[in-house]
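In: starting from these lines, generate the structure:
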Amino acid sequence: AAFIWKTPGFEINDMGYQTEADQLLEVFWVGYRLYEPKSFYKQININFNQYSAWDFAGDHLLDGGNVNGFIDFKNYWQLSGGVEISLNQASNTMLRGGPLMKLPGATNEFFYITTDNRKKLIFSLSGGINTMFEGSQKSYSLTPGVTYKPAKTLNITVSPSYRKSFDELQYVSQTAYGTLDRYVFASIDQRTISMSFRLNFNLKPDLTLQYWGQPFIGSGRYYDFKYITDPVASGYNNRFAIYSPSQIELVDNENYSIDENNDGSDDYNVGKPDFNVREFLSNLVIRGEYNPGSSVYLGWSQTRSGFD
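Out: You can find the predicted model right below:
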């Protein structure tokens with residue numbers, strides 16, 4: 001069991017480490033282990049987790065739990081997977097400085113399988129499905145992988161990945177409407193394709209070279225624009241209103257003009273958020289051990305990107 005707290009406010013020392021603040025998290029974990037080999041396995045692990053979260057204002061953010069397991073087979077293949085469910089979800093960051101937003105619960109199923117890692121040629125496959133209740137979100141991901149060891153000092157891995165997702169409530173913009181704040185959202189269909197390449201080469205016992213590269217292509221299409229009406233309404237569909245065709249119009253394929261009260265004049269505008277992005281990421285690290293336990297690193301990193 002554990003209790004973790006992340007205080008609200010900005011702390012520069014947490015940059016690059018902490019992804020969110022203002023959270024009180026309770027975690028309870030129980031695990032069961034079978035270490036004695038049987039007919040088809042060498043080891044089996046089963047884990048049960050329960051967790052709940054609040055913010056420092058006392059808002060209840062989350063209840064959830066998962067069951068996951070791992071099997072190490074006698075042929076040295078390995079299989080892991082699990083099922084997770086989240087209930088009573090709420091977010092104090094979704095409106096980006098606005099009020100708390102209630103969200104539907106969600107389920108997540110995931111798996112990973114790999115062949116004998118003692119071999120020169122190793123295959124793996126991982127994937128997952130995430131589904132939010134009320135039909136508000138769905139995503140699929142699949143990542144196969146191949147590792148080749150042509151020599152004891154050289155290890156090469158190629159891992160393509162594909163992800164497809166739908167989200168009914170994707171943040172677009174915040175604007176003013178009279179004396180009111182308008183939080184504009186939209187539905188989004190998103191697709192991502194990438195190919196990771198990793199090389200580990202031991203040049204000498206005390207000198208290694210590591211390279212990682214990834215071409216990446218992503219696209220997102222926004223539609224069914226909407227604004228938040230009551231972020232904590234008990235009914236999911238009562239938390240937002242979709243703009244009718246008479247309220248929203250795309251101008252010059254760049255901006256959406258919104259006439260919320262249908263009086264014939266624009267009340268506010270938002271930019272067209274659709275995107276296509278292409279990137280190539282590269283990292284190269286040379287590590288040298290000049291004394292036992294003491295190493296020096298030389299690193300190089302590059303990002304090439306295009307966006308439209």
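
In: for stretch 21-32, give me every contacting residue.
Out: 1-11, 14, 45-57, 61, 92 (Cβ atoms under 8 Å, 6 or more residues apart in numbering). (Glycine included, C-beta is placed from N, CA and C.)

In: show me which positions of that stretch end up buried.
Out: The neighbour-count criterion (16 or more other Cβ atoms under 10 Å) identifies 21-24 as the buried residues of stretch 21-32.

In: what about residue 36, how many residues nearby?
Out: Number of residues near residue 36 (other Cβ atoms under 10 Å) recorded here: 9.

In: scratch that, residue 75
Out: 11.

In: repeat that for residue 148.
Out: Neighbour number of residue 148 under other Cβ under 10 Å is 13.

In: now the closest residue to it other than its chain neighbours: which helix or strand?
Out: Nearest non-adjacent residue to residue 148, counting by Cβ to Cβ, 6 or more residues apart in numbering: residue 156, 4.9 Å away. Following DSSP states H and E, one finds residue 156 within strand 154-177.

In: how far does the helix or strand following that strand sit from its chain's centre?
Out: On the C-terminal side of strand 154-177, the closest following helix or strand by DSSP H and E is strand 180-204. On the basis of Cα atoms, centre = their mean, to the nearest Å, strand 180-204 sits 8 Å off its chain's mean C-alpha point.

In: and strand 180-204, what's buried?
Out: Buried-residue list, strand 180-204, by 16+ other Cβ under 10 Å: 182-188, 190, 192, 194, 196, 198, 200, 202.

In: and which of the residues you listed is nearest to residue 264?
Out: Nearest to residue 264 out of the buried residues of strand 180-204 is residue 182 (Cβ to Cβ; 18.8 Å).

In: so what's the closest one scoring on pLDDT?
Out: For residue 182, the pLDDT comes out at 96.

In: next one: residue 10
Out: 76.

In: also residue 15?
Out: Note on residue 15: pLDDT of 73.

In: quick one: neighbours of it, just the number.
Out: Neighbours around residue 15, by other Cβ under 10 Å: 8.

In: for residue 299, see how far away it is.
Out: For residue 15, the distance to residue 299 equals 19 Å [Cβ to Cβ, to the nearest Å].

In: cool, and residue 110?
Out: Separation of residue 110 from residue 299 (Cβ to Cβ) stands at 31 Å.

In: what's near enough to touch the residue lying closest to residue 308 once chain neighbours are set aside?
Out: Setting aside the residues directly before and after it, residue 308 is nearest to residue 276 in space (Cβ to Cβ, 6+ apart), at 5.3 Å. Contacts for residue 276 (Cβ under 8 Å, 6+ apart) come out as 217-219, 307-308.

In: if we go to 10 Å?
Out: Listed by Cβ atoms under 10 Å, 6 or more residues apart in numbering, the contact set of residue 276 reads 217-221, 306-308.

In: again with residue 216
Out: Contacts of residue 216 by Cβ under 10 Å, 6+ apart are 161, 192-196, 277-281, 303, 305.

In: closest to residue 174 out of those residues?
Out: Nearest to residue 174 among those is residue 277, at 22.9 Å by Cβ to Cβ.

In: what angle separates the helix or strand hosting that closest one from strand 180-204?
Out: Using DSSP H and E, residue 277 maps to strand 275-291. Counting by axes from the mean of the first three to the mean of the last three Cα atoms, to 10 degrees, strand 275-291 lies at 40 degrees to strand 180-204.

In: partner strands of strand 275-291, with direction?
Out: Note on strand 275-291: by DSSP bridges, its sheet partners are strand 207-228 (antiparallel), strand 294-307 (antiparallel).

In: can you redo the ones you listed as TSV with distance to residue 115?
Out: Shown next, in TSV, are the strands paired with strand 275-291 (distance: least, Cβ to Cβ, whole Å):
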stretch	distance to residue 115
strand 207-228	22
strand 294-307	32
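
In: tell me which of these sits nearest to residue 257.
Out: Of the strands paired with strand 275-291, nearest to residue 257 by Cβ to Cβ is strand 207-228, at 11.3 Å.

In: for that closest one, buried residues please.
Out: When burial is assessed from 16+ other Cβ under 10 Å, strand 207-228 yields the following buried residues: 208, 210-212, 214-216, 218, 220, 222, 225-228.

In: ok, then the element right after that strand?
Out: strand 240-242.

In: looking just at contacts, which helices and strands does whichever helix or strand comes after that next one meet?
Out: Next helix or strand after strand 240-242 toward the C-terminus (DSSP H and E): strand 248-251. Helices and strands touching strand 248-251, as assessed by 3 or more Cβ pairs under 10 Å, 6 or more residues apart in numbering; DSSP states H and E, comprise strand 207-228, strand 255-258.
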